[in-house]
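Peer 1: Would you be able to build a 3D model of this:
(2 chains)
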Amino acid sequence: MNCAVLFSGGKDSTYAAYIAKKNNYNISCLISIFSENPESYMFHTPSISKVEKQAEIMDKPLIIQKTKGEKEIELDDLFHAIMKAKYDFNINGIITGTVESAYQASRIQKICYDLELECFNPLWQKSQLELIKELIEKKFNIIITGVFAYPFDKSWLGKKIDQKFLCDIRELYEKYKINPAGEGGEYETFVLNCPLFKRELKIVGNKIYGKNHSWKMEIDVK
Amino acid sequence: MITLVELPKEKLHNLEFVKPIENVIRKENKNFKRIRYKDLTSDIFSESDKVIISGTSFRDNDFLCNLEFFDWIKNFDRPILGICGGMHILGMSFNGTLFKTQEIGLMEVEFEKEFLGVNDKIEVYELHNYVVESSDFEIYARSQKCIQAIKHKDKPFYGVMFHPEVKKKNIIANFIRL
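Peer 2: Numbers count the residues shown, from 1 in each chain, chains lettered A, B, ... in the order given. Have a look, this model is predicted:
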């Protein structure tokens, strides 16, 4: 089956694409939504412009859709992007990296239904600690590009998701109920390398901004 | 042993509609066998204490064209839990009728009486295009639009229209503990 991946460049959508490919689904294209609203209910925003580089080393066409990121209106923009994928790439299904958000899942389900497409959420209801463990085992090279909750601080930016991260995040989960995979929007990630990439992306620069427990790192990659 | 019947036509949907149910069974430390509905054979039922029939994707109605694979239900006498599409199958096995009724996302469901440990109003995750009605089943819960939980009048067969593997895993755990 030909599918498009709703792709943010972060760990979940990249891992969902990997699982789909492992199950012999054909990834025809990627769809990325560039939201002007950093607090979008639907879309992950840090480092999203770097998704173009990821698509290049995955050798996949990328549909870019801009949105102002206003609640519900952003769904019209998503609808148009998925419709474009349907007609330009003849897809039959959409793949998402949704783990727990019923808000996100139900809205994408509705769009897919209206466009007569299947909707696949291969990470749905997955244990968040298990998800992190699998990403480490499968040698995904992932860094933290944004933190948005107490007790995170600036020092977390650029950290790799590895065994040390797994121990640290487990501790934060036990102490502060931080979602281990960041499903509550506590942190966001960028994938530098994974089995879908032809080579590793190198960070050649970064800009850090934020305050208190909310920090972002915009990276340049090549 | 629990038999977990996979309803999805697409393999990738098993991760979404079957694996979360499997995770609840594992957490309850029960032996189980997962099997695609088209691969069910009679020996499975002789060794099954209970059967759970999963749901499937919003657009997948393949199982409704293959109801002959579920003829065993009429002669089965141990507990069955049918989830969404699984509930359609239970109802259709007892002269039920399908009606087009779509619900997507989080909804409130009101239980009129105790059902697998649940009472009163609860919030559940819905993803369906049809609902089934059969006079052989008693209605336990409704949403604003349709029937949400049923139990057969004579047999230990339970059906839920919503997806308890999302946010209401205790319903599956309570079924496993019956």
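
Peer 1: Determine the longest helix present in chain A.
Peer 2: In chain A, with assignment by DSSP state H, the single longest helix is helix A:73-89.

Peer 1: Now do whichever helix or strand comes after that one: which elements does it pack against?
Peer 2: Downstream of helix A:73-89, the first helix or strand assigned by DSSP states H and E is strand A:93-95. Secondary-structure packing of strand A:93-95 (3 or more Cβ pairs under 8 Å, 6 or more residues apart in numbering or on different chains; DSSP states H and E): strand A:2-6, helix A:11-22, helix A:102-114, strand A:118-120. C-beta: built from backbone N, CA, C; applies to glycine.

Peer 1: Worst mean pLDDT among the ones you listed?
Peer 2: Ranked by mean pLDDT, the helices and strands packed on strand A:93-95 bottom out at helix A:102-114, with a mean of 94.

Peer 1: Dihedrals phi and psi, the residue lying farthest from the centre of chain A?
Peer 2: Most distant residue from the mean C-alpha position of chain A: A:K175, 25.7 Å away (Cα atoms, centre = their mean). In terms of degrees, to the nearest 10, the main-chain angles of A:K175 are phi -80, psi -40.

Peer 1: Equivalent analysis for A:Y173, please.
Peer 2: When read as degrees, to the nearest 10, the backbone of A:Y173 gives phi -70, psi -50.

Peer 1: returning to what we had before: how about the longest helix of chain A and chain B, touching?
Peer 2: No: Helix A:73-89 lies out of reach of chain B by Cβ under 8 Å from any Cβ of the partner chain, never closer than 12.6 Å.

Peer 1: got the contact list for that helix?
Peer 2: A:2, A:4, A:6, A:28-29, A:31, A:33, A:35, A:37, A:40-43, A:61, A:63, A:65-68, A:91, A:94, A:107-108, A:111-112, A:114-115, A:117 (Cβ atoms under 8 Å, 6 or more residues apart in numbering or on different chains).

Peer 1: Just the pLDDT for the residue farthest from the centre of chain A.
Peer 2: 92.

Peer 1: List buried residues within the contacts of helix A:73-89.
Peer 2: Among those, those scoring as buried are A:4, A:6, A:28-29, A:31, A:33, A:35, A:40-43, A:63, A:65, A:67, A:91, A:94, A:107-108, A:111-112, A:115, A:117 (criterion: 16 or more other Cβ atoms under 10 Å in any protein chain shown).

Peer 1: May I ask which helix or strand encompasses the nearest residue to A:P61 once chain neighbours are set aside?
Peer 2: Once flanking residues are discounted, A:P61 sits nearest to A:C29: 4.4 Å by Cβ to Cβ, 6 or more residues apart in numbering or on different chains. If you go by DSSP H and E, A:C29 is part of strand A:26-35.

Peer 1: Give the rounded mean pLDDT of that strand.
Peer 2: Mean predicted lDDT for strand A:26-35 stands at 93.

Peer 1: Repeat that for stretch A:206-218.
Peer 2: On average, stretch A:206-218 scores 89.

Peer 1: Give me the neighbour count for B:K167.
Peer 2: Using other Cβ atoms under 10 Å in any protein chain shown, B:K167 has 17 other residues around it.

Peer 1: What are the buried residues along the longest strand that chain B contains?
Peer 2: Counting residues, the longest strand in chain B under DSSP state E turns out to be strand B:97-115. Buried residues in strand B:97-115, counted by 16+ other Cβ under 10 Å: B:103-104, B:106-107, B:109, B:111, B:115.

Peer 1: Ok, stretch B:64-80 next?
Peer 2: Using 16+ other Cβ under 10 Å as the test for burial, stretch B:64-80 gives B:70, B:73, B:76, B:79-80.

Peer 1: Now the two most distant members of these.
Peer 2: Pairwise distances across those peak at 15.7 Å for B:F70 and B:P79 (criterion: Cβ to Cβ).

Peer 1: distance of the residue farthest from the centre of chain A from A:T189?
Peer 2: To A:T189, A:K175 is 21 Å away according to Cβ to Cβ, to the nearest Å.

Peer 1: Name the helix or strand for A:V191, please.
Peer 2: Counting by DSSP H and E, A:V191 is part of strand A:187-193.

Peer 1: Walk me through which strands that strand pairs with, and which way each runs.
Peer 2: Strand pairing for strand A:187-193, using DSSP bridges, gives strand A:141-148 (antiparallel).

Peer 1: And the residue of chain A closest to chain B?
Peer 2: Proximity of chain A to chain B (Cβ to the nearest Cβ) peaks at A:S106, 3.2 Å away.

Peer 1: Identify the residue spatially nearest to that residue, adjacent ones excluded.
Peer 2: Nearest to A:S106 is B:G105, by Cβ to Cβ, 6+ apart, at 3.2 Å.
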